[in-house]
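A.B. asks: Dropping a prediction and its sequence here:
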Amino acid sequence: MNLRHENVRMVGKLAVITVGMFVFGYALVPLYKSICEMTGINILAMGDRNIPGATSSAPANTQVDTSRLITVEFDANSRGPWEFKPAQRSVQVHPGEMATVMYEFKNVQNRTIAAQAIPSYAPQQAAAHFNKLECFCFNQYTLLPGEKKSWPVVFVIDPKLSKDVKTITLSYTFFEVGGKTPSAPLVSLDKQVSAEAGS
């Protein structure tokens, strides 16, 4: 009888602990949000609630180097009979500042094509500091005859980029995947050096 009484008490304790764990689990999320709002730890979650056009209470991005501007020029090369171009030819950005530029494409052929873009940079040293967060060059695309598309390039230039670099040219070559389009011509070293010196 004594043993049975002890078992009942143990089951009761375990049931209370189990219920307590469930209650704590459900209460954890609102509790965490409350603590973060009071201490200001979770800045990203607070920023999600900002209303467009309203004054932001979140601190400014201190990684943006506002002391200098870099001109980013955009170029498009087509290795096939289609239309491919940037929506704008250039933008000026501060290092560390996120920017978005659109590229436009139209399949003017009377057949479906699969294509992909390959990026290149001038000067060459900018490639290691040009961080693309989103880019159509990450994927291959299939376009129907006459189909038009607009694709974004979202990028940030690393503030560690040499201060000697004032202009970066981002160039894309768009080519058909699996097609018979000839490969892009090789640029001689002399032409590349003169192009970089001109930038």
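C.D. replies: Happy to help now that I have it.
A.B. asks: When you work out contacts or count neighbours from here on, use the C-alpha atoms and nothing else.
C.D. replies: Will do.
A.B. asks: can you map out the strands along this protein?
C.D. replies: 70-79, 83-86, 90-93, 98-106, 113-122, 130-135, 141-143, 148-157, 167-176 (DSSP state E).
A.B. asks: so where's the protein uncertain?
C.D. replies: Scanning the chain for pLDDT under 70 picks out 1, 24-62, 179-199.
A.B. asks: domains of it?
C.D. replies: Following automatic domain parsing, one finds the domains of the chain at 2-47, 70-177+190-198.
A.B. asks: Among those, which comes closest to residue 63?
C.D. replies: Ranking these by proximity to residue 63 (CA to CA) places domain 70-177+190-198 first, at 5.7 Å.
A.B. asks: Could you report the neighbour count for the nearest residue to residue 130 once chain neighbours are set aside?
C.D. replies: The shortest distance from residue 130 to any non-neighbouring residue, by CA to CA, 6 or more residues apart in numbering, is to residue 157 (4.8 Å). Neighbour count for residue 157, taken as other CA atoms under 10 Å: 24.
A.B. asks: Spit out the contact partners of residue 157.
C.D. replies: By CA atoms under 8 Å, 6 or more residues apart in numbering, the contact set of residue 157 is 94-98, 129-131.
A.B. asks: now that we have those residues, which one has the most neighbours?
C.D. replies: Ranking these using other CA under 10 Å puts residue 95 first, with 22 neighbours.
A.B. asks: Touching, that residue and residue 158? I think so.
C.D. replies: Yes. Here residue 95 lies in contact with residue 158, judged by CA atoms under 8 Å, at a distance of 5.7 Å.
A.B. asks: Bridged to residue 86, which residues?
C.D. replies: As for beta bridges, residue 86 partners with residue 103 under DSSP bridges.
A.B. asks: List the residues that contact it.
C.D. replies: Contact partners of residue 86, counting by CA under 8 Å, 6+ apart, are 74-76, 101-104.
A.B. asks: quick revisit: any idea how far residue 13 is from the residue nearest to residue 130?
C.D. replies: 59 Å (CA to CA, to the nearest Å).
A.B. asks: and what of residue 100?
C.D. replies: In terms of CA to CA, residue 100 sits 58 Å off from residue 13.
A.B. asks: Thanks again, I'm all set now.
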